[in-house]
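J.: After the sequence you'll find the predicted model.
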Amino acid sequence: QVQLVESGGGLVQAGGSLRLACAASGGTFSRYAMAWFRQAPGKDREFVTTISWSGGKTNYTPSLKGRFTVSRDNAKNTVYLQMNSLKPEDTAVYYCAAKEARTSDMVYLSPRNYDYWGQGTQVTVSS
């Protein structure tokens, strides 16, 4: 059983930056594809980004590419989401998710693919 704990959320002004972290325990982190999703009030959960277990392959929702960057440190069992130039519409609860992948370069975009989820961290961007 994998446990995921997000951190790093908070309140930031528009144009600012935040770095989220998701620490994993209880599994072989280096075999898991990881992802970030977000959910704003009244909206469906939205894909943000995913990264393969090797870190060599990533995918972003197109509207966020260039402002958000995903990375991972397998030695620390942690995946990160660097968010720059934040906008009020980025306000949401951000969740990390994990899925044991068959190969080192596999990534998954749908929340239905993921087996494990963190509890989420709130990001609020003020205008």
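T.: Structure received.

J.: Do a quick rundown of the strands in this structure.
T.: Counting by DSSP state E, the chain has strands at residues 3-7, 10-13, 18-25, 32-39, 46-51, 58-60, 68-73, 78-83, 92-100, 116-117, 121-126.

J.: which of these is buried the deepest?
T.: Greatest average neighbour count among these goes to strand 32-39 (a mean of 25), per mean count of other Cβ atoms under 10 Å. Heads up, the C-betas are built off the backbone N, CA and C, glycines and all.

J.: tilt between that strand and strand 92-100?
T.: Counting by axes from the mean of the first three to the mean of the last three Cα atoms, to 10 degrees, strand 32-39 points 160 degrees away from the direction of strand 92-100.

J.: Which residues are in contact with F29?
T.: Contact partners of F29, counting by Cβ atoms under 8 Å, 6 or more residues apart in numbering, are N74, N77, A98.

J.: So which of those residues is the closest to Q1?
T.: Distance to Q1 across the contacts of F29 (Cβ to Cβ) is lowest for A98, with 10.9 Å.

J.: Looking at the strands of the chain, which is nearest to S110?
T.: Once those are compared by Cβ to Cβ, strand 46-51 is nearest, at 7.4 Å.

J.: would TSV of the contacts of F29 with pLDDT and distance to A23 be doable?
T.: Below are these laid out as TSV (pLDDT from 0 to 100; distance: Cβ to Cβ, whole Å):
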residue	pLDDT	distance to A23
N74	95	12
N77	96	6
A98	97	11
